[in-house]
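Colleague: Test case, fold it:
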Amino acid sequence: MNRTPASLLAIALLSVPACATSSSPAGATPQPAPDLSTTAPNPDPRVGLRAGWMNPGEAAWNLRVVSKTPPSEKFYNPSTPGDRRLTNSDLAFTGKFAIQGNYSGVQVWDISNPSKPTLRIAYVCPGSQSDVSVYKNLLFVSGESTSGRLDCGLQGVADSVSHDRLRGIRIFEISDIENPKYLTNVQTCRGSHTHTVVSDPKDPANVYVYISGSAPVRSPSELPGCSGAPLDQDPNSALFRIEVIKVPLAAPEQARIVSSPRIFQGLTAPPRHAEPFDSARAARIAAAAAANPGAAVRVTDGTVARAADTTRPARRGGPTQCHDITAYPAIGLAGGACGGYGLLLDISDVANPKRIAAVADSNFSFWHSATFSNDGSKILFTDEWGGGSAPRCRATDKYEWGANAIFTLIDNKMTFKSYYKLPAAQTSFENCVAHNGSLIPIPGREVMVQGWYQGGISVFDWTDPSHPKEIAYHDRGPMDSTKLVSAGSWSVYWYNGFIVSSEIARGLDIFELLPSGFISRNEIDAAKTVHFDYLNAQEQPKLVWPPSFALARAYLDQLARSNGLAPARVSAVRSELARAEKLSGNARREALTGLADQLGSDAQGSSDQNKVRMLAAAARDLAATPR
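Modeller: All right, here's what the predicted structure looks like:
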């Protein structure tokens, strides 16, 4: 673990620019007025941004940069940009804290003042990417590296078999968040690359953790019972399964594996696709073809593909692991991004998830994560082609590659509708591909913010699953203008009114969504009424909006935007809401109830009947709210 002298850190901090929303020199920059058009800037300011570590060029559209905070001294090495041991990873939230994983441990930030986050603790405990989740007073941290130690030591593990090694999940008690108490760990045969905390509405005494391990199976001499044999040779093989850990909330130190569901069993090989164009590889393949005329090879349309690479499954086995699972307990389903497949899981019995559907796509390379629409009618999967360390957003990369795939979900059947990919071309020196994000609680719509590594962050609307559209973004220039150095947004999530991003090499970023031609101030104000006590994006919460005039006005703004109500009627309803807001007691209740009744009649002739009914329901809920 490289330690950074305080003097070097001070020098590095002086190089960090103030918040800026465009490619500009360091220093305070006035925030621009909101762009109320629905036309993206052209040319795209993300293209051609100046390279730099802490002082790159920046571009933002419909987002305000609230703060940019460099990593703590223990997780920051100014002399070695891109040091993988110091890589920031995923985020979890509890109360006023953002918990940021790092390949060398965990950082806890107090974000109660989003413009100036403060570090509460930098806990050094190496163990690979340190995926993080919280539940009440518990913190869960993944470990997969062969060098991770049970005692969090920095010396690593030299032996190929060692009982000092940690590959699995660590559990901490964090009632005093500045002094986390290491309670226990649960070892698994393949470690924990990621994990998902899942609460069971029917079992409040326990919480469950789904473990997704992607490392090779460890020796049974190190952890008894581990076997990497094919399933037909060993029915107890550690392949083709996930682990489910049960954590008793009254005694979390008794956490243990209670099931190992084989959710991949029986899947055939997924379709395959060609690799991105690589001129050197193309030359090698062409030379090989010339030397061996019997080897069918083609080079067309910027891609290189052997004739055998088609959209039909090859003769090989299906996936043996999941990269990540997003659980949605409110609807009893989970989405598994598992190697070459997107899986739909029934989690009505949380301890025993079952596969009920699977989709594959020849344009996808590595299914990475999933997000459901709030109503459960759609699901979005990401493709982390290149594992996050390669450029997959170049002008030469196909739109369908390294993107999101959006499916409708009806009667547990997933039907493909479209792809969404970051629309701004990035350079060959920027690792860029679809990665982690979450819904923004805009009522009545599906709006998502997503990290794209060095592609920055993109906010897009996928309410219409066939026509997703970008509506906001932030991006930096590459870390280096001569070579690829890993950086960028690992994950970005909406949390209690702000957008928080874990920047792999640069620290913690916080943004605020601005009103625009796509999202009104009322919609943003309604989103800010949704409050989380804690948030793990991989345990997707059901978004519920409390009664508010912002909520009613948000629906009205949407009806004005879609012409779901005539302009004169929109204006009249605005006036009625403004009048009712000034009233109290019976007068307010009667005004809002009368408005709801009128809207019920309006719905019959509207081109957007459902949205008018949502507005009417919002008015009725307000009427029932005492003032």
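
Colleague: contacts and neighbour counts: CA atoms only from here.
Modeller: Noted.

Colleague: For Trp494, which residues are in contact?
Modeller: Ser438, Leu439, Ile440, Val449, Val500 (C-alpha atoms under 8 Å, 6 or more residues apart in numbering).

Colleague: can I assume it sits in a helix?
Modeller: No - counting by DSSP: H, G, I helix; E, B strand; the rest coil, Trp494 is not found in a helix; it is strand.

Colleague: Look up the residues forming beta bridges with it.
Modeller: For Trp494, the beta-bridge partners are Ile499 (DSSP bridges).

Colleague: do you know how far it is from Lys417?
Modeller: Applying C-alpha to C-alpha, to the nearest Å, the value for Trp494 to Lys417 is 25 Å.

Colleague: where exactly do the helices run in this structure?
Modeller: Ranges of helices within the chain are 6-14, 279-291, 521-527, 549-562, 567-581, 585-604, 609-623, based on DSSP state H.

Colleague: With adjacent residues omitted, what lies nearest to Tyr341?
Modeller: Excluding the flanking residues, the one nearest Tyr341 by C-alpha to C-alpha, 6 or more residues apart in numbering is Ala360, at 4.9 Å.

Colleague: If you tally nearby residues, what's the number for Lys582?
Modeller: Counted with other C-alpha atoms under 10 Å, the neighbours of Lys582 add up to 9.

Colleague: Next up, the contacts around Ala619.
Modeller: Ala619 sits next to Ala552, Leu592, Thr593, Leu595, Ala596 when contact means C-alpha under 8 Å, 6+ apart.

Colleague: ok, the first one touching Ala618?
Modeller: Think Ala552. Yes - between Ala552 and Ala618 there is a contact at 5.5 Å, judged by C-alpha atoms under 8 Å.

Colleague: who's in contact with Leu86?
Modeller: The contact partners of Leu86, taken as C-alpha under 8 Å, 6+ apart, are Phe75, Tyr76, Asn77, Asn102, Tyr103, Ser104, Ala505.

Colleague: Tell me the pLDDT of Pro78.
Modeller: For Pro78, the pLDDT comes out at 74.

Colleague: Distance check, it against Trp53.
Modeller: Remark: distance between Pro78 and Trp53 (C-alpha to C-alpha) = 9 Å.

Colleague: Kindly report the same for Pro201.
Modeller: Taken as C-alpha to C-alpha, the span from Pro201 to Trp53 is 45 Å.

Colleague: So which of those two has more stuff around it?
Modeller: Here Pro201 and Trp53 are compared on neighbour count by other C-alpha under 10 Å; more neighbours surround Trp53, at 20 against 14.

Colleague: Name the nearest residue to that one, ignoring sequence neighbours.
Modeller: Met479 (4.9 Å).

Colleague: That neighbour contacts Val485, correct?
Modeller: Yes - applying C-alpha under 8 Å, one finds Met479 in contact with Val485, separated by 6.0 Å.

Colleague: shared neighbours of these two, which are they?
Modeller: Glu430.

Colleague: When those two are compared, which one has more neighbours?
Modeller: Applying other C-alpha under 10 Å to Met479 and Val485 shows that Met479 carries more neighbours, namely 27 against 22.

Colleague: Look up the pLDDT of the more buried one for me, please.
Modeller: For Met479, the predicted pLDDT is 96.

Colleague: Ok, Gly266 next?
Modeller: On pLDDT, Gly266 comes in at 84.

Colleague: got a list of what it touches?
Modeller: Gly318 are the contacts of Gly266 under C-alpha under 8 Å, 6+ apart.

Colleague: Next: Ile121.
Modeller: Ile121 makes contact with Gln107, Val108, Trp109, Ile177, Glu178, according to C-alpha under 8 Å, 6+ apart.

Colleague: mind running it again at 6 Å?
Modeller: Going by C-alpha atoms under 6 Å, 6 or more residues apart in numbering, Ile121 touches Gln107, Val108, Glu178.

Colleague: Who does it form a beta bridge with?
Modeller: According to DSSP bridges, Val108 are recorded as the beta-bridge partners of Ile121.

Colleague: Distance check, it against Glu178.
Modeller: Where Glu178 is concerned, Ile121 sits at a distance of 6 Å (C-alpha to C-alpha).

Colleague: worst-scoring helix or strand of the chain, pLDDT-wise?
Modeller: Within the chain, no helix or strand scores below strand 303-306, which has a mean of 28 by mean pLDDT, DSSP states H and E.

Colleague: To what extent is the residue nearest to Tyr123 when sequence neighbours are not counted buried, counted in neighbours?
Modeller: Leaving aside its chain neighbours, Tyr123 sits nearest to Val106 (5.2 Å; criterion: C-alpha to C-alpha, 6+ apart). Residues lying near Val106 (other C-alpha under 10 Å) number 26.
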